[in-house]
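Colleague: Whatever this is, show me its structure:
(2 chains)
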Amino acid sequence: MKNGVDASAIMKKYEVVIGLEVHAQLLTDTKIFCRCSTKFGAEPNTQTCQVCIGMPGVLPVMNRKAIEYAIRTGLAMNCSIAPYSRFARKNYFYPDLPKNYQISQYELPLCEHGLVEIIIDNEVKRIGITRIHMEEDAGKNIHEGKGDHSFVDLNRTGVPLMEIVSEPDLRSPREAAEYMKKLRGILRYLGVCDGNMEQGSLRCDANISVRPFGQKEFGTRTELKNINSFKFVEKALEYEIKRQISVIEDGGKIIQETRLWDSAAGVTLSMRSKEEAHDYRYFPEPDLAPVVVGQDWIAEIKKSLPELPDEKRNRFMTQYGLPDHDAELLTVERAVADWFELAVQAGSQPKAVANWMMGDLMRMLNEDNKSIEDVTLKPDQMAGMLKMIDEGTISGKIAKTVFEAMYRTGKNAEDIVKEQGLVQISDTSEIEKAVDDILAKSPGEIERFRAGDEKLIGFFVGQVMKATKGKANPKILNDLLIKKLRV
Amino acid sequence: MKLSNDEVIHISRLSRLALSGDDTGLYATQLSSIIEYVELLNNLDTTSIEPTSHIIPLDNVMVEDIPGKSLPREDALRNAPDSNGRFYRVPKIIE
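Modeller: Here you go, the predicted structure:
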């Protein structure tokens, strides 16, 4: 495929079809089939026992909380919960899998036929959930140096996982990323998974294919593995779309295969080694009793569900009059939504709080790679600052400086304004003096303004603001300038 | 059902068993006769019987999520063919 202008025209001929398989580690204290701790970051091989390292003759026993968490998730994602569900062995050899089979679910998964809503270009789009099944995690292989060995840590072996499989309903890398964010939000609202992609408690594989618009059948798909950060979800998919289209445009065929995302090189690479292994010989796990979920249990879990992101978004729209874009952004993370509501309860205008949060606050959080739980700045401190703007004590422009100082130091707006002498100048005579100074220095600009170049008002405002270190009351300043210039 | 030589080679790879070329035909014959013997079960009429995955009438055998004791690391690593005292050591895994 040629680069440049016609490349994007060629890309537009193809429809992209994506389905995601998301693995989420459950926040239980113990593993799924034994009572070893699941705590992250322990010394290697100190959280294992006869069951999870696969000694002969041991029996797995189901962790009730793991099942409960999976049902919670299923209900939150609008799935039907299977009244009868069972486990299966998935057979393959790998050094991180001491039993030589993974206990998973195959037929009869715990949850099926769900859906999750995402917002794309201000419209709600529904993404189908094919199934949510439970399984045990594998250990960790460590490849260090150039030696002839790899090293295995089995602490993670047997940590409970859910695999959440979506329908091939996603039509762009952006939709895939929005869907991942939504899923993470729901899991964190529910308290069933911490959603940390960098530490591997949330992992994502993608099935992706392209087809010319109008073609009914799906194209041949590839499976992308190793997408271990939010940033890479979009990048890996974008790369793979370009790769597939250029293969097809060059007259080639897509091979159905597993490809590994190499984040350092920014490419996907074929994993030929996996080709023969895809014969897992699933069979029902004889060592685990089936799971029967009655209506009582479902009702009990339903009652314990928190307000979920979509409900909260709709409430924010009706209760606070926020546009859907704002409401969605503020409710993806429960901690962000709580912060917003606390600031509003402290007496602020909802839309003003929303603007400051989505603008300055989120920008600074992004820059520092922090989440809202990490900052000392409190919602009532923001309310205090907004009050100072409303009362005319500080200008909106100065407020940006104040807000950043609040964010960095955790101090109140009042103290910062006092310490740094940022109180807005609303004394007309003081501003008038500054205006007169500037006008005296700018006869040329005055002439051009009076000749009709009214955009120059911005120049005068800027000069006076600079002279007053941004503290001039903008309303008074504007009135004065217009009065004096329009003579 | 007759197993082909190719199927025997595929199964041996999945099972990590090293077969020499000479043995393939022998195992194909032997495995085929085992399967044919089990196939006798197909003569039974099972139309009215639910597929059975578990023979003991038990369900929901579960325990609470309360941590217990793990093995001391030296005990866990003791049965491994090779370790460095912290990790299991295995031949280099080439992805």
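
Colleague: hmm, who's touching the helix or strand of chain B with the lowest mean pLDDT?
Modeller: Here the helix or strand of chain B ranked lowest by mean pLDDT, DSSP states H and E is helix B:5-14, holding a mean of 89. For helix B:5-14, contacts defined as Cβ atoms under 8 Å, 6 or more residues apart in numbering or on different chains pick out A:91, A:276, A:279, A:281, B:18, B:19, B:24, B:25, B:27, B:28, B:31. Heads up, the C-betas are built off the backbone N, CA and C, glycines and all.

Colleague: Residue A:103 pairs with what?
Modeller: Counting by DSSP bridges, residue A:103 is bridged to residue A:89.

Colleague: ok, it - contacts?
Modeller: Counted by Cβ under 8 Å, 6+ apart, residue A:103 has contacts A:32, A:33, A:60, A:87, A:88, A:89, A:90, A:135, A:136, A:285, A:288.

Colleague: Need the pLDDT of it.
Modeller: Looking at residue A:103, its pLDDT is 98.

Colleague: distance of it from chain B?
Modeller: Distance of residue A:103 to chain B, given as Cβ to the nearest Cβ, to the nearest Å: 14 Å.

Colleague: how far away is that residue from residue A:88?
Modeller: 8 Å (Cβ to Cβ, to the nearest Å).

Colleague: Repeat that for residue A:115.
Modeller: As judged by Cβ to Cβ, residue A:115 and residue A:88 stand 25 Å apart.

Colleague: Looking at the two, which one has more neighbours?
Modeller: A direct count of neighbours by other Cβ atoms under 10 Å in any protein chain shown for residue A:115 and residue A:88 places residue A:88 higher, at 23 against 14.

Colleague: got the contact list for residue B:70?
Modeller: Contacts of residue B:70 by Cβ under 8 Å, 6+ apart are A:36, A:37, A:46, A:47, A:48, A:49, B:76.

Colleague: hmm, which two among those residues are most spread apart?
Modeller: Spatial extent of these (Cβ to Cβ) is set by the pair A:37 and B:76 at 13.9 Å.

Colleague: Closest residue of the stretch 101-250 of chain A to chain B?
Modeller: residue A:151 (3.6 Å; Cβ to the nearest Cβ).

Colleague: Excluding chain neighbours, what is closest to that residue?
Modeller: Distance criterion Cβ to Cβ, 6 or more residues apart in numbering or on different chains; nearest residue to residue A:151, sequence neighbours excluded, is residue B:87 at 3.6 Å.

Colleague: That neighbour: neighbouring residues, count only.
Modeller: Neighbourhood size, residue B:87 [other Cβ under 10 Å]: 24.

Colleague: ok so, going back, of the contacts of residue A:103 - the most surrounded one?
Modeller: residue A:87 (28 neighbours).

Colleague: Contacts only, for the nearest residue in space to it that is not next to it in sequence.
Modeller: Leaving aside its sequence neighbours, residue A:87 sits nearest to residue A:285 (Cβ to Cβ, 6+ apart; 4.1 Å). By Cβ under 8 Å, 6+ apart, residue A:285 lies in contact with A:60, A:86, A:87, A:88, A:89, A:103.

Colleague: Repeat the analysis, applying 7 Å as the threshold.
Modeller: By Cβ atoms under 7 Å, 6 or more residues apart in numbering or on different chains, the contact list for residue A:285 reads A:87, A:88, A:89, A:103.

Colleague: Next: residue A:137.
Modeller: By Cβ under 7 Å, 6+ apart, the contact list for residue A:137 reads A:25, A:156, A:157, A:158, A:159, A:161.

Colleague: Please narrow these to those residing in strands.
Modeller: Counting by DSSP state E, those place A:25, A:161 in strands.

Colleague: quick one, strands of chain B?
Modeller: B:62-63, B:88-91.

Colleague: Now the longest one: buried residues?
Modeller: Within strand B:88-91, the residues scored as buried using 16 or more other Cβ atoms under 10 Å in any protein chain shown are B:88, B:89, B:90.

Colleague: I'd like to know how far the last one sits from residue B:81.
Modeller: Right, residue B:90. In terms of Cβ to Cβ, residue B:90 sits 9 Å off from residue B:81.

Colleague: what does the first one give?
Modeller: Residue B:88 is 9 Å from residue B:81, where distance means Cβ to Cβ.

Colleague: What residues does chain B have near chain A?
Modeller: Taking Cβ under 7 Å from any Cβ of the partner chain as the contact definition, chain B meets chain A at B:13-14, B:16, B:53-54, B:58-68, B:70-71, B:73, B:76-77, B:86-93, B:95.

Colleague: Pull out the buried members of those residues.
Modeller: B:14, B:62, B:65, B:70-71, B:73, B:76-77, B:87-90, B:93.

Colleague: So for the chain, which residue is the most central one in space?
Modeller: This is for chain A. residue A:181 (3.4 Å; Cα atoms, centre = their mean).

Colleague: wait, I meant chain B there
Modeller: Using Cα atoms, centre = their mean, the most central residue of chain B is residue B:15, at 7.6 Å.

Colleague: quick one, phi psi at it?
Modeller: When quoted as degrees, to the nearest 10, the phi and psi of residue B:15 stand at phi -90, psi 0.

Colleague: So for it, what's the pLDDT?
Modeller: pLDDT at residue B:15 comes out at 86.

Colleague: Could you do the one 4 residues further on as well?
Modeller: Looking at residue B:19, its pLDDT stands at 87.

Colleague: One more: residue A:487?
Modeller: pLDDT at residue A:487 comes out at 66.

Colleague: Take the contacts of residue B:70 and keep only those in strands.
Modeller: Mapping the contacts of residue B:70 onto strands (DSSP E) picks out no residues; all lie outside.

Colleague: The residues you listed in helices, which ones?
Modeller: Residues of these located in helices (DSSP state H): residue B:76.

Colleague: Keeping just the C-alphas, turn the top helix by length along chain A into CSV.
Modeller: In chain A, assigned by DSSP H, the helix with the most residues is helix A:230-249. What follows is helix A:230-249, C-alpha atoms only, in CSV (Å, rounded to 0.1, in the frame of the first residue of the first chain):
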residue,chain,number,x,y,z
PHE,A,230,-4.6,1.6,27.9
LYS,A,231,-2.3,3.6,25.5
PHE,A,232,-1.5,0.4,23.6
VAL,A,233,-5.1,-0.8,23.1
GLU,A,234,-5.5,1.9,20.4
LYS,A,235,-1.9,1.8,19.1
ALA,A,236,-1.8,-2.0,18.6
LEU,A,237,-5.1,-2.1,16.9
GLU,A,238,-4.3,0.8,14.6
TYR,A,239,-1.1,-0.9,13.6
GLU,A,240,-2.8,-4.2,12.9
ILE,A,241,-5.6,-2.5,10.8
LYS,A,242,-2.9,-0.9,8.5
ARG,A,243,-1.0,-4.2,8.3
GLN,A,244,-4.1,-6.2,7.3
ILE,A,245,-5.3,-3.7,4.7
SER,A,246,-1.9,-3.4,3.1
VAL,A,247,-1.7,-7.2,2.9
ILE,A,248,-5.1,-7.4,1.2
GLU,A,249,-4.4,-4.4,-1.1
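
Colleague: That helix - contacts with which helices or strands?
Modeller: Here helix A:230-249 touches helix A:5-11, strand A:14-25, helix A:173-190, strand A:202-212, strand A:222-227, strand A:267-270, going by 3 or more Cβ pairs under 7 Å, 6 or more residues apart in numbering or on different chains; DSSP states H and E.
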